[in-house]
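J.: Just the structure for this:
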Amino acid sequence: MTDALFNTQQALFNTLAANTNVQSYLGSPVRVYDHVPPGAAFPYAVFGAVHVAPYDTKTESGFEQIITIDIWSRYRGGKEAKDITQAIYDALHRAHLSVTGHVFLSCEFHAADLALDSDGLTYHASMRFTVVTQ
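T.: Numbers count the residues shown, from 1 in each chain. Here you go, the predicted model:
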């Protein structure tokens, strides 16, 4: 299972890193992290929580993953976080991912939330995508 989880995250990262619209907000190389390095420049995105459920058929084992991508912005107001959310949505919703070692079935946008963080300076958007592989 860990192979499917890691390879799916890698496929999502590769898709985001290759997208010029995402690059226009998150730089090149893109600031999309698994672990945020100390002193990382804003804005950036982070792979967050993953919920995994079986997606098996009679002959194949598979996984349905709900993957969270968190966006962090210090732009005054929520516009930048909303724009980044849109760019990530455009890059990933119904995209065809190349997931090493697995048959990719679908990538669908699930939901998003946007709020001002408790520090009063940082906007946090949380996006969830459902990715199904076998």
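J.: May I ask you to name the longest strand in the chain?
T.: If you go by DSSP state E, the chain has its longest strand at strand 104-116.
J.: Can you mark which positions in whichever helix or strand comes after that one are buried?
T.: Next along the chain after strand 104-116, taking DSSP states H and E as the criterion, comes strand 123-133. The neighbour-count check on strand 123-133 (16 or more other C-beta atoms under 10 Å) flags 123-133 as buried. No exception for glycine: its C-beta is placed from N, CA and C like everyone else's.
J.: Turn those into a markdown table, columns for pLDDT and distance to residue 17.
T.: Below are those laid out as a markdown table (pLDDT from 0 to 100; distance: C-beta to C-beta, whole Å):
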| residue | pLDDT | distance to residue 17 |
| --- | --- | --- |
| 123 | 98 | 22 |
| 124 | 98 | 22 |
| 125 | 98 | 19 |
| 126 | 98 | 20 |
| 127 | 98 | 16 |
| 128 | 98 | 20 |
| 129 | 98 | 16 |
| 130 | 98 | 21 |
| 131 | 98 | 17 |
| 132 | 97 | 22 |
| 133 | 96 | 20 |
